[in-house]
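K.L.:
Okay, sequence plus prediction incoming.
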Amino acid sequence: MYLYCFIFFLLFIIFIISKIISPKRINIQGKHVLITGGSSGIGKALAIEAVRHGANVTIIARNEKRLEEAKQEIESHIKDKSSQVFAVSVDITKDADKVKKAVSKAEKDLGPITILINNAGSAIAGRFEETSIEQFQRMIDLNFLGSVNVTKAAIKGMKENNEGRIVFISSQAGQVGVFGYTAYSASKFALRGFAESLQMEVKPYNIYITMAFPPDTDTPGLAEENKSKPKETLLISDTVGLFSPSYVAKSVFRDALNGRFLSYVGMDGWLLSNLSSGMSPATSVVDLLQQVFAMGIFRFVCQFYLFHFDRIIRKCKEEKDSKLKSS
């Protein structure tokens with residue numbers, strides 16, 4: 001009898017917590033979704049996912065030719081004939097006023113922004129002593145400050161609309177520091193602190209933030225990055241595997257609609273998101289329970305990952321030392 005009462009009480013508490021912390025899923029039929037870095041890779045896949053849901057979409061990038069090609073491809077996936085796709089060319093890292101004008105134009109064309117997806121970014125991989133200060137600055141400008149510029153331009157309208165979602169596309173390298181990513185990881189870790197602070201400010205306006213941590217994704221950006229990526233970084237990255245942009249986009253978009261703060265892909269992503277949840281907002285009672293009960297064991301499991309990574313790095317060093325001795 002007491003056991004049944006305890007179970008009932010526990011389920012009641014879980015139900016109450018879920019009502020308190022779980023945002024209401026939003027419907028974006030006919031609403032405006034703005035995506036930076038929308039001309040290729042994950043950004044373009046997210047735009048395709050948005051129009052499939054009946055949204056109007058603005059894609060932002062620098063290259064006008066690639067933007068137009070992406071616009072035509074995205075339009076081919078429109079199901080609701082009333083959906084529209086606009087393309088705006090602007091460098092989000094350079095001039096905050098130009099970014100503000102670009103966002104204002106998008107709002108004038110397609111209405112207030114319901115979902116803002118800060119996807120624009122790139123990676124530089126290299127050993128710390130071989131990474132220039134200019135490259136560090138580039139990572140901060142694009143991966144962090146670019147998102148700040150666009151979010152600052154859009155936030156006023158989203159508050160006035162009293163509804164919205166803001167997505168930041170980070171990386172699993174924004175959850176754990178990885179060999180060769182001293183500049184990249186630093187810029188992606190910065191997004192996390194920004195997002196957690198901003199969530200406290202915008203929650204009263206019914207705006208919820210999603211931090212997405214995709215693994216290596218089969219994009220033109222990754223192909224370019226791999227050309228100069230250290231061997232150690234390549235071997236460590238192989239541990240997680242490679243995912244398609246459409247698969248990542250579906251997962252991120254679903255989590256954004258549901259207002260989920262931590263968005264992950266794959267088993268390793270699930271483990272990392274639980275382990276690195278810290279003081280992040282709880283937006284799902286299932287996620288909260290996983291984090292409470294699994295964090296300890298996950299901390300232990302991750303040590304085996306780190307042992308494996310250390311072994312890769314040590315072996316690569318031994319190979320280099322051997323070559324130097326024989327030369």
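P.N.:
Ah, there it is.
K.L.:
Low-confidence stretches in the stretch 101-250 of the chain?
P.N.:
Along the stretch 101-250 of the chain, the model assigns pLDDT under 70 to no residue.
K.L.:
Can you show me the strands along it?
P.N.:
Under the criterion DSSP state E, counting those that start in this stretch, the stretch 101-250 of the chain carries strands at the ranges 113-118, 164-169, 207-213.
K.L.:
quick one: which of those is nearest V248?
P.N.:
If you check each of these against V248 by Cβ to Cβ, strand 207-213 wins as the nearest, at 8.1 Å. From N, CA and C alone the C-beta is placed, and that goes for glycine too.
K.L.:
Relative to that closest one, what are the paired strands and their orientations?
P.N.:
strand 164-169 (parallel), strand 262-264 (parallel) (DSSP bridges).
K.L.:
Is it possible to get those out as CSV so that each row also shows distance to V103 and mean neighbour count?
P.N.:
CSV is the format used below for the strands paired with strand 207-213 (distance: least, Cβ to Cβ, whole Å; neighbours: other Cβ atoms under 10 Å):
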stretch, distance to V103, mean neighbour count
strand 164-169, 13, 26
strand 262-264, 23, 25
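K.L.:
of all the strands of the stretch 101-250 of the chain, which lies closest to I59?
P.N.:
The nearest among these, by Cβ to Cβ, is strand 113-118 at 9.8 Å.
K.L.:
I'd like the distance from the closest one to the chain centre, please.
P.N.:
Centroid separation for strand 113-118 versus its chain: 12 Å, with Cα atoms, centre = their mean, to the nearest Å.
K.L.:
still on that earlier bit, can I get the strands of the stretch 101-250 of the chain in TSV with distance to Y264?
P.N.:
Formatted as TSV, the strands of the stretch 101-250 of the chain follow (distance: least, Cβ to Cβ, whole Å):
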stretch	distance to Y264
strand 113-118	16
strand 164-169	12
strand 207-213	6
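K.L.:
Out of those, which gets nearest to V176?
P.N.:
With Cβ to Cβ as the measure, strand 207-213 is the member of the strands of the stretch 101-250 of the chain nearest V176 (9.7 Å).
K.L.:
Identify the residues contacting that closest one?
P.N.:
The contact list for strand 207-213 (Cβ atoms under 8 Å, 6 or more residues apart in numbering) reads 23, 158-159, 163-172, 174-175, 191-192, 195, 198-199, 202, 252, 255-256, 259-265, 269, 272-273, 280, 283.
K.L.:
at 6 Å instead, please
P.N.:
23, 158, 164-170, 172, 175, 195, 199, 252, 255-256, 259-260, 262-264 (Cβ atoms under 6 Å, 6 or more residues apart in numbering).
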